[in-house]
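**Q** A predicted structure for the sequence below; I have some questions about it.
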Amino acid sequence: MGQKEICSENKQINGKIFYKTANVSELQEKKGKKFILDKVPVAVFKVEGEFHAYSNVCAHQKGPICKAAVDSEFIVCPWHNFQYKVKDGKGPVGFNDFIPYYQTSVEDEFIWVSLMN
Ligand code: FES
């Protein structure tokens, strides 16, 4: 958990560049893992069997999102408990803070993450 890995292997999937991150078996349910994709720090989570990727940098004071707890539909920053929706990185209703949410794809038992929207 919180381990840093630099990922440079990438390929195009449906016209977008995706970076290879963890094998699906490496992620534990509701635990984040940090990767660096083209110098961008990204946190990858498995929640209810699905993979999600976010900026690893909290919008509040740059706390490490890879160490966030998962509380039902939110991931919760470990530093001051800002919440972001698991499904899209947006804050709860009434809050404008968000963290970038990245598209993921599972191929060949690996989780691939795109920095492109
Ligand atoms: S740095 Fe994330 S809540 Fe403050």
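**A** Received it, and whenever you're ready, just let me know what you need.

**Q** contacts for stretch 33-50, please.
**A** The contact list for stretch 33-50 (CB atoms under 8 Å, 6 or more residues apart in numbering) reads 1-8, 19, 21-22, 26-32, 51-57, 64-66, 68, 70, 75, 86, 102, 104, 111, 113, 115. Every C-beta, even on glycine, is put in place using the N, C-alpha and C of the backbone.

**Q** got the contact list for Y101?
**A** So Y101 contacts H52, A53, Y54, D88, G89, K90 (CB under 8 Å, 6+ apart).

**Q** skipping its backbone neighbours, what lies nearest the residue nearest in space to the middle of the chain in space?
**A** Central residue of the chain (CA atoms, centre = their mean): A53, 2.3 Å from the mean position. Distances taken as CB to CB, 6 or more residues apart in numbering place Y102 nearest to A53, at 4.1 Å, with adjacent residues excluded.

**Q** any idea what V44 is bridged to?
**A** Bridge pairing for V44 (DSSP bridges) gives the partners K33, A53.

**Q** tell me the residues of this protein that contact the ligand?
**A** The chain has residues C58, H60, Q61, K62, G63, C77, W79, H80, N81, F82 near the ligand, with proximity defined as CB under 6 Å from any ligand atom.
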